[in-house]
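[1] give me the fold of what follows.
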Amino acid sequence: MSSHKVTFLPNKQTSAFQTGTTLREAALDLGILLDSDCAGIGTCGQCRVRATGAVGPVTDIERELLSPEELASDTRLSCQATIQGACLCTVGDTPRIAEQQIMTEGKSLHFPFCPDTRQVVVRVTPPEVGDKHFDLEAIENHIREHEPRLSQPTLEIIKAVPAVTRESEGRLTAILDQNVLLRLEKGNSPRPLYGVAFDIGTTTVVGKLIDLTEDRTLAVASALNAQEPFGADVVTRAKYTIENPGGLQRLHQLISDQLSSIIEELCEKAGVTPSDVWKCVIVGNTVMQHLALGVDPHHLVISPFTPALQGPVTASAGELGLRMASRGAVYFLPNLACFVGGDITAVLVTLDLESSDGLHLVVDIGTNGEIVLGSRKRIVCCSSPAGPAWEGASIAWGMRAAYGAIERVDLQGDDLAYRTIGNGAPAGICGSGLMDLAALCRRTGIVDESGRMLADDKAIDVPGPLKARTGARETGAFLRIAPARDDSWVELTQRDVREIQLAKAAIASGIQTVLHEYGVQPDEISRISIAGAFGNHIRGQDAIDIGLLPRVPAGRIHFIGNAAAAGAEAILRSREARAKAERLAKIVDYVEVAGRPEFQDLFVDCLLFP
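    Numbering: from 1, shown residues only. This is a model prediction of the structure:
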């Protein structure tokens, strides 16, 4: 099979690819990341490029997802357009990471500053002839005054003991993490010691650089997850590792390189050296943690849905290829269940369910919704696949929370008023805007209980100016929200409403399942904590009015931001927080919603709007 020269603009990256290779496959091979929520199966329509030269004919999928104007201007879907000869491909030149609105902060309980990673000054008395003296044991005996459970050091450290002891005349500094000796250095002058707390989300990655000697946050950085082009959800990414030889190594390398790049960015911001970073705490959902460790996740997505391990896991930076102190410790929180990962363990670290008399519901709303219900009596959890609607995928004008996204919609008088991120021209609707719209349409009668969208003469009780925004076409009713590019309108469509129903029903039915497991009614919930970036931008009453959350007084709903990142940071700063995470992993019970005979009936009931 012949190869052909393909050039990607604007970065002028060129390589040769075989006939039939898609432009998406070629781009990924060159490290060019294209927007794609469907991992290249041709359903999201996001991987638009401009292609000229010898490119395969337009496919039926492209005719469905691209307008005639786009096709006329050589716009193609990179997952559909195949290389047939030499060609030129232009990708968007707007940095996606800079546009994205990523939440980095969350609320947390207070823990005393007492990090697992620390330095111990060691003074070994020089031996005399006739003494029963062993260098290593003398060093260990001194360290055990600070760490009684000191483990056997590595052979690498043992080999360094004679030289470092003599060269420093017995004056040493030991770097420890938990009960493990990471390094022995000459001299009694402790070095700078830093750590990074990472939250690896399916969509975004957040990192915080912490001074582990003075308890200071030095820098924060975030980015879109580099694995995103291989699927918007964890199941798609896990399937990629099954269906593509080398897929696991590729996804592992992507996240490892990204974590290293964030470490370097954090250090540059703070004016410190990456080799002085001696600890990373990593939280993520179960699949993300498997991929970050390089552990095969494919049994997670086939029955009986079994993770390779619960954890916690501590590995060295060198083993994972992270650009920091090579012997530095990388700690992964324990997972709670198949699709309830270490990120939810981290969220629970920031709360007090295990000591609370009142019943506390915790919900992390995302592509996969994680739900925890508990008190000092018992804690149960479950997961429910909400799909990517709240991220903007599968929505006609959906987009992530980036510049130009409509994030807030209100009824002002008898008409709509909206606000975009950055106050720019409307480019689409993000999750919080969708929630507002769904609640507003339900309250005003544009959408009925079944989710049917009314338009024109059927919306008889809708205020005049709002009614004038409604309309219908062959594909169903729609509501015009705001003027957009090319004389078009940002709209909410009937299909969008159905996607919102599916997403909210997944969360609501999961909540109903854990309530049933616990044997309680919704009004017995004393507090609801909403975690995650999306959850922090919604209104509690909206979530109640569309049936996503139980009908409780809105004052019981609290938004705790990126509590997963806050939990990772707490664990980096305090061994008490780490010990709490490991205790929680042992006591939280898991409920498998899909295996329950009543779940399908619950799900169908939850599709309805209240």
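[2] in the stretch 101-250 of the chain, where is pLDDT below threshold?
    Applying pLDDT under 70 to the stretch 101-250 of the chain flags residues 101-108, 128, 130.
[3] would you agree P465 is in contact with D415?
    Yes: at 3.9 Å, P465 counts as touching D415 under the criterion of CB atoms under 8 Å. Glycine gets a C-beta too; all of them are placed from N, C-alpha and C.
[4] and C606, what's its pLDDT?
    pLDDT, C606: 90.
[5] the stretch 1-150 of the chain: strands as residue ranges?
    Counting by DSSP state E, counting those that start in this stretch, residue ranges of the strands within the stretch 1-150 of the chain are 3-9, 13-18, 48-55, 75-77, 83-90, 117-123.
[6] which of the helices and strands in this protein ranks last by mean pLDDT?
    Lowest by mean pLDDT, DSSP states H and E among the helices and strands of the chain is helix 96-99, with a mean of 37.
[7] stretch 275-283 - what's its average pLDDT?
    Here stretch 275-283 scores 95 as its mean pLDDT.
[8] how distant is stretch 317-327 from the center of its chain?
    Here stretch 317-327 shows a centroid-to-chain-centroid distance of 22 Å under the convention CA atoms, centre = their mean, to the nearest Å.
[9] any idea which element L248 lies in?
    Following DSSP states H and E, the helix or strand that holds L248 is helix 247-270.
[10] which residues touch that helix?
    Surrounding helix 247-270, the residues in contact under the criterion CB atoms under 8 Å, 6 or more residues apart in numbering are 194, 196, 198, 200, 205, 207-209, 218-223, 225-227, 230, 237, 240-241, 244, 273-274, 277, 280, 282, 288, 291-294, 296-297, 320-324.
[11] restricted to helices, list these.
    Under the assignment DSSP state H, the contacts of helix 247-270 contribute R237, Y240, T241, M288, L291, A292, L293, L320 to helices.
[12] what's the neighbour count on the residue nearest to V124 when sequence neighbours are not counted?
    For V124, the nearest residue in space outside its immediate sequence neighbours is G170; the separation is 3.8 Å by CB to CB, 6 or more residues apart in numbering. Neighbourhood size, G170 [other CB atoms under 10 Å]: 18.
[13] nearest residue to the residue most central in space within the chain other than its sequence neighbours?
    Central residue of the chain (CA atoms, centre = their mean): G201, 1.3 Å from the mean position. The shortest distance from G201 to any residue other than its chain neighbours is 6.5 Å, reached at N225 (CB to CB, 6+ apart).
[14] tell me the phi and psi of the one you found?
    When quoted as degrees, to the nearest 10, the phi and psi of N225 stand at phi -60, psi 130.
[15] and it, how far is that from I200?
    Distance, N225 to I200, by CB to CB, to the nearest Å: 7 Å.
[16] between these two, point out the one with more neighbours.
    Neighbour count, other CB under 10 Å: between N225 and I200, I200 has more, with 27 against 21.
[17] beta-bridge partners for that one, please?
    V205, G284 (DSSP bridges).
[18] isn't L293 right up against A315?
    Yes: counting by CB under 8 Å, L293 sits close enough to A315 to count as a contact (6.9 Å).
[19] shared neighbours, those two?
    Common neighbours of L293 and A315 are listed as F332 (criterion: CB under 8 Å, 6+ apart).
[20] and the two? which has more neighbours close in?
    Using other CB under 10 Å, the more surrounded residue of L293 and A315 is L293, with 22 against 18.
[21] show me the contacts for the more buried one.
    With CB under 8 Å, 6+ apart as the criterion, the residues that contact L293 are H252, V313, A315, L320, F332.
[22] buried subset of those residues as a ChimeraX selection?
    What follows is the ChimeraX syntax selecting those of the contacts of L293 that are buried according to 16 or more other CB atoms under 10 Å:
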select :252,313,315,320,332
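[23] and the strands of the stretch 1-150 of the chain, which is most packed in?
    The highest mean neighbour count among the strands of the stretch 1-150 of the chain belongs to strand 75-77 (a mean of 23), with neighbours defined as mean count of other CB atoms under 10 Å.
[24] for it, packing partners?
    Using 3 or more CB pairs under 8 Å, 6 or more residues apart in numbering; DSSP states H and E, the elements in contact with strand 75-77 are strand 48-55, helix 60-65.
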